[in-house]
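kindly generate the corresponding structure for this input.
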Amino acid sequence: MILEHVDVLVIGAGPSGAVAASILHQNGVKLKVVEQAHFPRFVIGESLIPRCMDHFDEAGFVEEVAAKGFEKKFGARFLRGDDVCWFDFSQKFSEGWDWTWQLPRAEFDKTLTDILQRRGVDIAFGTTVEQVVFNGTDSLTTVHDDRGNRREIHARFVIDCSGYGRVLPRLLNLDAPSSFPPMAATFVHVTDKRRPQGGEGTLITFDVLDQKVWFWVIPFSDGRSSLGLVCPKEHLEMIDQGSPAATFQHIIQQSDYYRQRFDGLEFLFEPKQVVSYAKAVKKLYGDGFALTGNSAEFLDPVFSSGVCFATESGALAAKLAVKQLNGLKVDWEHEYEEHMLWGVDVFRSYIRDWYSGDLQKFFFHKKVNEDVKRKVCSVLAGYVWDKENPFVKKHDRAVRAVTHLLPEDSC
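Numbers count the residues shown, from 1 in each chain. Sure thing, here's the model as predicted:
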């Protein structure tokens, strides 16, 4: 069996793996990326938030990605009946990027790996991890490609960026129950033939159909749009129309705002469904490895936090791995796990307050406090590590404290 030796093995070539690989490469680390799929491949997570741009910039991706012409995202719109709430990222409290992208992930992820391969990063597509055996911080990983060829990879550190594949959580029994109740999502792409001209046609929108049921619309620059519904698992079962396509046509009819725009359009693939998608783990690191992105924690798609956590953790894990490889001591508990879980807990609070109705009450209030809105906007932009923002520092109670002071008859 072929044996390879690398400093760092990166499992997964999505945004987390791409950012991690680029930072490792910049630091002269010998690395290998293994990815089970062949790119391009479909994956959900098409709405980014501005904090991701810090990581793409650090990884040296922004200029080449911008040349692809992906749709720019300057904020997010929330609808509830006749009520409209718009968050403009340029009006946020924290310093940082004021825009990002909304894009089809198949093309985006392929763009990142193309950049990496041009720079000389070794990426093995169509390669599945069979097992990983650790000896201290060293590891021996057995993989096979889709032609049946097996090999072993000796690494001094492993960064798991496998996303929903959750390679190390599965192999090392690290999965833990999520604190969120079972939710479901169903989604599809359409050719947006009736897209309005101008800004209205490109706005990413969250249409609240019921307190725990919302419909997303994410327009892409190529004329396609991503449509999706998020709801409790029981709600999706209740509205089932006998097939995914019939169920999704029924969903479109529930949106007063978007019914006419999307009614009867042909779906570019059969609508996909994901149930009980929230994930958690017992720990984010161990001797010789770190978990990033969805291989560690996934909460909910409502505020598009998934890719932000992926790139934040991918960048940080890579930098700490470089530090450790250079013989410096790394406190993975403090420098990695505590940092990442702080951001996860901030978003957890806001997602909890969204589904309880408290945050929706604030969003759609007629006389919103603009200073508070700027601070909430920073959270939605992904700047959840800025503890100068009281709505980050006191995330577990700030929204509810403000919302409970709002008079009911002003909503």
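
what is the mean pLDDT for the helix or strand hosting Ile153?
For Ile153, the host element (DSSP states H and E) is strand 150-160. Averaged across strand 150-160, the pLDDT comes to 98.

by contact count, what packs against that strand?
strand 2-11, strand 31-34, strand 138-145, helix 167-171, strand 289-291, helix 306-325 (3 or more CB pairs under 8 Å, 6 or more residues apart in numbering; DSSP states H and E). Just so you know, the C-beta spots here come from the backbone N, C-alpha and C atoms, and that holds for glycine as well.

pipe those into CSV and attach mean pLDDT, mean neighbour count and distance to His365 per row.
Below are the helices and strands packed on strand 150-160 laid out as CSV (pLDDT from 0 to 100; neighbours: other CB atoms under 10 Å; distance: least, CB to CB, whole Å):
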stretch, mean pLDDT, mean neighbour count, distance to His365
strand 2-11, 96, 19, 45
strand 31-34, 98, 24, 47
strand 138-145, 98, 17, 52
helix 167-171, 97, 20, 40
strand 289-291, 98, 28, 39
helix 306-325, 98, 25, 26
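
for Val65, which of these is the nearest?
helix 306-325 (12.5 Å; CB to CB).

dump that closest one to CSV, restricted to CA.
Taking C-alpha atoms only, helix 306-325 is exported to CSV below (Å, rounded to 0.1, in the frame of the first residue of the first chain):
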residue,chain,number,x,y,z
GLY,A,306,-23.0,28.0,8.5
VAL,A,307,-20.3,29.1,6.0
CYS,A,308,-19.1,31.8,8.5
PHE,A,309,-18.4,29.2,11.2
ALA,A,310,-16.8,27.0,8.5
THR,A,311,-14.4,29.7,7.4
GLU,A,312,-13.7,31.1,10.9
SER,A,313,-12.9,27.6,12.2
GLY,A,314,-10.9,26.6,9.1
ALA,A,315,-8.8,29.7,9.2
LEU,A,316,-8.2,29.5,13.0
ALA,A,317,-7.4,25.8,13.0
ALA,A,318,-4.9,26.2,10.2
LYS,A,319,-3.1,29.1,12.0
LEU,A,320,-3.0,27.1,15.3
ALA,A,321,-1.7,24.0,13.5
VAL,A,322,1.1,26.1,11.9
LYS,A,323,2.0,27.4,15.4
GLN,A,324,2.0,23.8,16.8
LEU,A,325,4.1,22.4,13.9
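
what's the first helix or strand after that helix?
Beyond helix 306-325 toward the C-terminal end (DSSP H and E), the next one is helix 339-356.

between that following helix and helix 306-325, how many degrees?
170 degrees (axes from the mean of the first three to the mean of the last three CA atoms, to 10 degrees).

now do the following helix or strand past helix 339-356: distance to the chain's middle.
Towards the C-terminus, the helix or strand next in line after helix 339-356, according to DSSP H and E, is helix 358-363. Chain-centre distance of helix 358-363: 23 Å, with CA atoms, centre = their mean, to the nearest Å.

what's the answer for stretch 23-35, then?
The chain centroid and the centroid of stretch 23-35 are separated by 22 Å under CA atoms, centre = their mean.

now do the same end-to-end measure for it.
For stretch 23-35, the first-to-last residue distance is 18 Å (CA to CA, to the nearest Å).

per-domain residue ranges of this structure.
2-71+99-177+278-342, 183-275 (automatic domain parsing).

comparing these, which comes out most buried?
For those, the largest average neighbour count (mean count of other CB atoms under 10 Å) is found in domain 2-71+99-177+278-342, namely a mean of 20.

OK, contacts around Val188?
By CB atoms under 8 Å, 6 or more residues apart in numbering, Val188 lies in contact with Ser226, Leu227, Gly228, Phe248, Phe267, Leu268, Phe269, Glu270, Pro271, Lys272.

also Gln249?
Applying CB under 8 Å, 6+ apart, the residues contacting Gln249 are Gln241, Gly264.

can you count the residues close to the closest residue in space to Gly75 that isn't next to it in sequence?
Closest residue to Gly75 apart from its sequence neighbours, by CB to CB, 6 or more residues apart in numbering: Asp88 at 4.5 Å. Neighbours of Asp88 under the rule other CB atoms under 10 Å: 14.

wait, doesn't Asp88 sit right on Cys377?
Yes - between Asp88 and Cys377 a contact is recorded at 7.2 Å, counting by CB atoms under 8 Å.

how about low-confidence regions in this structure?
Within the chain, the ranges that satisfy pLDDT under 70 run 405, 407-411.

recalculate using a threshold of 90.
1-2, 179-181, 297, 365-369, 397-411 (pLDDT under 90).

can you pull the buried residues of stretch 343-357?
Across stretch 343-357, burial judged by 16 or more other CB atoms under 10 Å covers Gly343, Val344, Val346, Phe347, Arg348, Ser349, Tyr350, Ile351, Arg352, Asp353, Trp354, Tyr355.

just give the closest residue to the second one, not the sequence neighbours.
The shortest distance from Val344 to any residue other than its chain neighbours is 5.2 Å, reached at Glu297 (CB to CB, 6+ apart).
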